[in-house]
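J.: Predicted structure and sequence below. I'll ask about it afterward.
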Amino acid sequence: MLGVAASVSDDELRRAFRKALRDTHPDTGGDPQHFNAVQLAWDRVSTPQKRAAYDVGRGASQDRAAFTAQAARPRQDTRPSTRSHGHPGGWRRERYLDQLREWVGRGVTVDDPYDPALVRSAPREIRHTLADALAEEATARTLSTLGIGFTVWHDVATEDSERKIDHIVLGPTGLFAMLSEDFGAPVRVRRGELIGDALAGEQPAHELAARAKSLSRALRVKFTGLVIVLPDDAIDDPVTSLGTVRGAAAVAVKQSYVGMLLRQGFEGTDPIGGNELFDVRTRLGSVRYA
């Protein structure tokens, strides 16, 4: 299914898996059944232990048709299978409503706090808060399709109550800390940070790194990657490197590409499996929500 011989190295096997994901992903014109079959195949050989057990069981003799048939079986439960915790966008929506009340004045009745004319007339800070809430919700919808192998925590609190992490994603490709941002205009990268006329002093890459460091220290976990999700029209390339922070690769990614990025993982990083995956998930079970 992955197009390589049983004798290839672990690195060659991992590269073959990532190539197969790219070639079969529905977002790039691939066949959904083959895409699912690729993930099923990788799940059987993703760690040295699984690979050895698979080979001993002569599983390598199964052909492409068998994998595809199994992947194509209808699911009994059609709901999103990604494990999800928390309320995406909830903290920012509450903050938006508080800011709006302060702006219009206490005691003033607002019939529809989301009225487009009202939102357009609000100060930039208030508009940005609502835009970020919507961005978080959009990212959450994408994350919900990652599959049963992934777990997502939304609106995770850090030591500073004003500095949350929008999403934490744990799966076979690693542990990722994420922010969803929408500045309302294009941005670009300079020296590992997002810049542009639409930013009003924000340093999202720096902020995400600081928040991830705080949570990493508190929970004793190590992040594989730091990800800032942006609207598709906000940045030129699907994935743009922001450098590395304490060994974790940092990137800015287009909204439509984030699912593929998390399924593929980052080049040069090892997948998580077995006891390590269970241990990290257990540690993240104690997170607080914003």
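T.: Received the coordinates, thanks.

J.: From the contact counts, what lies against the helix or strand hosting V229?
T.: Using DSSP states H and E, V229 sits within strand 225-230. Packing partners of strand 225-230 (3 or more CB pairs under 8 Å, 6 or more residues apart in numbering; DSSP states H and E): strand 174-180, helix 204-219, strand 239-245, strand 248-254, helix 258-264. (Glycine included, C-beta is placed from N, CA and C.)

J.: closest one to G149 among these?
T.: Proximity to G149 (CB to CB) singles out helix 258-264 among those, at 9.2 Å.

J.: Distance from the chain centre to the closest one, please.
T.: Counting by CA atoms, centre = their mean, to the nearest Å, helix 258-264 is centred 7 Å from the centre of its parent chain.

J.: I'd guess V169 is in a strand, am I close?
T.: Yes. Counting by DSSP: H, G, I helix; E, B strand; the rest coil, V169 is located in a strand.

J.: who touches the nearest residue to it once chain neighbours are set aside in this structure?
T.: Take V169 and drop its neighbours on the chain: the residue closest to it by CB to CB, 6 or more residues apart in numbering is F176, 4.5 Å away. By CB atoms under 8 Å, 6 or more residues apart in numbering, the contact list for F176 reads H167, I168, V169, L170, F223, T224, G225, L226, V227, L262.

J.: Now with 6 Å, please.
T.: For F176, the contact set (CB atoms under 6 Å, 6 or more residues apart in numbering) comprises V169, G225, V227.

J.: Just the buried ones from these, in ChimeraX syntax?
T.: Applying 16 or more other CB atoms under 10 Å to the contacts of F176 leaves a buried subset, and the ChimeraX line that selects it is:
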select :169,225,227
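
J.: of all the helices and strands packed on strand 225-230, which lies closest to S81?
T.: With CB to CB, the closest approach to S81 among the helices and strands packed on strand 225-230 belongs to helix 258-264: 13.5 Å.

J.: can you pull the buried residues of the closest one?
T.: Of the residues in helix 258-264, those buried under the neighbour-count criterion (16+ other CB under 10 Å) are V258, G259, M260, L261, L262, R263, Q264.

J.: Equivalent analysis for stretch 219-229, please.
T.: Judged by neighbour count using 16+ other CB under 10 Å, the buried positions of stretch 219-229 are L219, V221, F223, T224, G225, L226, V227, I228, V229.

J.: now, which of the buried residues of helix 258-264 sits nearest D10?
T.: For D10, the nearest member of the buried residues of helix 258-264 is Q264. The distance, counting by CB to CB, is 16.3 Å.

J.: so what's A138 closest to, chain neighbours aside?
T.: Using CB to CB, 6+ apart and skipping the chain neighbours, the partner closest in space to A138 is Q255 (6.1 Å).

J.: how much space is there between the one you found and D232?
T.: Distance of Q255 to D232, computed by CB to CB, to the nearest Å: 6 Å.

J.: cool, V221 as well?
T.: From V221 to D232 the distance is 30 Å (CB to CB).

J.: ditto for F17
T.: As judged by CB to CB, F17 and D232 stand 26 Å apart.

J.: Any chance of TSV for the buried residues of helix 258-264, columns distance to L284 and pLDDT?
T.: Output for the buried residues of helix 258-264, formatted as TSV (distance: CB to CB, whole Å; pLDDT from 0 to 100):
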residue	distance to L284	pLDDT
V258	19	94
G259	20	92
M260	23	91
L261	20	93
L262	16	93
R263	19	91
Q264	22	88
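
J.: Mind putting the contacts of F176 into TSV with distance to G247?
T.: Listed next are the contacts of F176 as TSV, based on distance: CB to CB, whole Å:
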residue	distance to G247
V169	18
G225	10
V227	15
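
J.: Among the contacts of F176, which one lies nearest to R283?
T.: Taking CB to CB as the measure, R283 sits nearest to V169 out of these, at 14.6 Å.

J.: Provide the backbone phi and psi angles at R83.
T.: Summarising the backbone geometry of R83 under the convention degrees, to the nearest 10, its torsions are phi -70, psi 130.

J.: Understood, closing this out.
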